[in-house]
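Colleague: No sequence on hand, only this structure:
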């Protein structure tokens with residue numbers, strides 16, 4: 001009964017629609033921005049794990065594993081964008097990329113990500 005009164009009431013309906021529209025915009029922007037940061041977080045975690053276990057493997061195998069992981073996540077990384085070095089402490093992985101997020105065709109923002117992991 002109460003919900004029917006809110007919809008039938010002109011001021012209540014406008015307020016309800018405005019709040020619903022604002023929430024939809026927040027969810028949309030959150031998803032658009034959240035997905036690149038989620039990919040970054042997953043790739044950084046995987047890079048740390050690969051660096052940790054790659055001490056026994058060759059650098060080429062480590063590089064291949066990282067490149068395959070980047071391809072799984074659809075990251076805009078080429079084979080030459082991933083740098084793997086042997087250091088005194090272990091293995092160092094360096095990479096960087098940019099992702100452009102388009103908001104309804106009205107606004108575009110480029111996010112820059114970089115990873116420098118040494119395990």
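Modeller: Good, I have the coordinates. These numbers were taken from a predicted model, which means no experiment stands behind them.
Colleague: Return the distance of the longest helix seen in the chain from the chain's centre.
Modeller: As assigned by DSSP state H, the longest helix anywhere in the chain is helix 10-53. The chain centre lies 10 Å from the centre of helix 10-53; the measure is CA atoms, centre = their mean, to the nearest Å.
Colleague: What residues of the next helix or strand after it count as buried?
Modeller: Downstream of helix 10-53, the first helix or strand assigned by DSSP states H and E is helix 59-72. Within helix 59-72, the residues that count as buried by 16 or more other CB atoms under 10 Å are 62-63, 65-67, 69-70. From N, CA and C alone the C-beta is placed, and that goes for glycine too.
Colleague: Which other helices and strands does the longest helix of the chain contact?
Modeller: helix 2-8, helix 59-72, strand 91-103, strand 107-118 (3 or more CB pairs under 8 Å, 6 or more residues apart in numbering; DSSP states H and E).
Colleague: burial of residue 48, as a residue count?
Modeller: When neighbours are defined as other CB atoms under 10 Å, residue 48 has 15 of them.
Colleague: Tell me which residues touch it, please.
Modeller: The contact partners of residue 48, by CB atoms under 8 Å, 6 or more residues apart in numbering, come to 117, 119.
Colleague: how close does it sit to residue 23?
Modeller: For residue 48, the distance to residue 23 equals 36 Å [CB to CB, to the nearest Å].
Colleague: Skipping adjacent residues, who's closest to the residue nearest the centre of the chain in space?
Modeller: The chain has residue 36 as the residue nearest its centroid, 2.3 Å off, counting by CA atoms, centre = their mean. The shortest distance from residue 36 to any non-neighbouring residue, by CB to CB, 6 or more residues apart in numbering, is to residue 99 (4.6 Å).
Colleague: Hmm, residue 110 and the one you found touching each other?
Modeller: Yes - here residue 99 reaches residue 110: they are 7.1 Å apart, a contact under CB atoms under 8 Å.
Colleague: And the two? Which one has more around it.
Modeller: Neighbours were counted for residue 99 and for residue 110 using other CB under 10 Å; residue 99 has more, 17 against 8.
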